[in-house]
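Enquirer: sequence? don't have it. structure:
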C-alpha cells in the first residue's frame, strides 16, 4: 500500500474522488481515505499545513495502515534560478531550513539525535516521477526541497535558503515527512508544483493557481505510481 499526503484539501480532493471502494477513517482529527487507485492499494490524507501535522500524518500511515512507501504531493515556492511558475520539482533530498541549533556549534539545518541535514528520497520513486512528468509533457527537474514552518514570501529569505541549502523549492511539510520516513526506513518521494518564483512573482492569484497546480500534481502522482507497477 502506498500513502499519499497533501497538506491542503484541494491537493487530495480530486484523488479521493477517484478511489475505488473508498472508506474514510479518522484518526487524531485527520481523515484517511483508503481504497484502490488505478488498481493500486493506497491511503490518502490531507495532513494540514506545517511540519507537525505532516509528521503526525506520515507516522499514522506507517503504524496504522502499514504503508510501504509515501508520496507527498502539492505546491511550493520556486527558489532555484531556473525554476518557473508551473514547473515541477521532484525532491532528490530535503532539509529543514528553520532547524537551527548553531548556537551550540551545529550546522544550520542539522536534526539533532540523528545528526542529518538532508534526507534523501528513494531513487526509484523520484525517477518514476520524472519519467511520468516527461510523458505528460510537464517541465520537471530533480532538486533539493527545503521545508519550514514559515510561508516564505520574502525574496531575501528565499535567496538565503536557496544559496545556503542549494535548494530549488521551499514549502512547509516535505522534510518532516522525510524525517519520519527515514527513522521508519520507509521509501518516499516529494513532488511539488511551483506556485511562484524566487522574487515572489506570481502572475495569477494563489487561490486560482493552487487548484490548477493541485490537479496537475495528482495527475503526476497517479502517473508516477503507474510507472512503479
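Expert: Received the coordinates, thanks. Please read these numbers as outputs of a predicted model, since none were measured by experiment.
Enquirer: Quick one: mean pLDDT over the longest helix along the chain.
Expert: As far as residue count goes, and with DSSP state H defining each element, the longest helix of the chain is helix 206-228. The average pLDDT for helix 206-228 rounds to 83.
Enquirer: Can you point out the buried residues in that helix?
Expert: Counting neighbours by 16 or more other Cβ atoms under 10 Å, one finds that the buried residues in helix 206-228 are 209-210, 213-225, 227-228. Where you see a C-beta, it was placed from the backbone N, CA and C, and this is true even at glycine.
Enquirer: For residue 41, which non-adjacent residue is closest in space?
Expert: residue 1 (4.4 Å; Cβ to Cβ, 6 or more residues apart in numbering).
Enquirer: what's the answer for residue 78, then?
Expert: Closest residue to residue 78 apart from its sequence neighbours, by Cβ to Cβ, 6+ apart: residue 194 at 3.9 Å.
Enquirer: can you check residue 213 too?
Expert: Nearest in space to residue 213, with sequence neighbours left out and distances taken as Cβ to Cβ, 6+ apart, is residue 193 at 3.8 Å.
Enquirer: Same check on residue 68?
Expert: Counting by Cβ to Cβ, 6+ apart, residue 1 is the residue found nearest to residue 68 once chain neighbours are left out, at 6.1 Å.
Enquirer: and that neighbour, what does it touch?
Expert: The neighbours of residue 1, taking Cβ atoms under 8 Å, 6 or more residues apart in numbering as the test, are 41-43, 65-68.
Enquirer: Narrow those residues to those in strands?
Expert: When DSSP state E is applied, the contacts of residue 1 are split such that 41-43 fall in strands.
Enquirer: Throw those into TSV and include distance to residue 6, neighbour count and pLDDT, thanks.
Expert: Compiled in TSV, these are given as follows (distance: Cβ to Cβ, whole Å; neighbours: other Cβ atoms under 10 Å; pLDDT from 0 to 100):
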residue	distance to residue 6	neighbour count	pLDDT
41	18	14	95
42	12	24	97
43	12	25	97
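Enquirer: Specify which member of the residues you listed is nearest to residue 121.
Expert: Nearest to residue 121 among the ones in strands among the contacts of residue 1, counting by Cβ to Cβ, is residue 42 at 18.2 Å.
Enquirer: Quick one: residues contacting the closest one.
Expert: Contacts here follow Cβ under 8 Å, 6+ apart; on that basis residue 42 touches 1-4, 19, 34-36, 225.
Enquirer: likewise residue 43?
Expert: 1-4, 32-34, 61, 65, 67.
Enquirer: Show me which of the residues you listed are buried.
Expert: For the contacts of residue 43, burial is judged from neighbour counts taken by 16+ other Cβ under 10 Å, and it is met by 2-4, 32-34, 61, 65, 67.
Enquirer: Sheet partners, orientation included, of the helix or strand where residue 71 lies?
Expert: Of the helices and strands defined by DSSP states H and E, residue 71 is found in strand 69-78. The partner list of strand 69-78 in its sheet, established with DSSP bridges, is strand 2-6 (parallel), strand 167-171 (antiparallel), strand 188-196 (parallel).
Enquirer: Would you pull up how far the last one lies from the middle of the chain?
Expert: Computed by Cα atoms, centre = their mean, to the nearest Å, the chain-centroid distance of strand 188-196 equals 5 Å.
Enquirer: got the angle between it and helix 206-228?
Expert: Strand 188-196 and helix 206-228 meet at an angle of 150 degrees, taking axes from the mean of the first three to the mean of the last three Cα atoms, to 10 degrees as the criterion.
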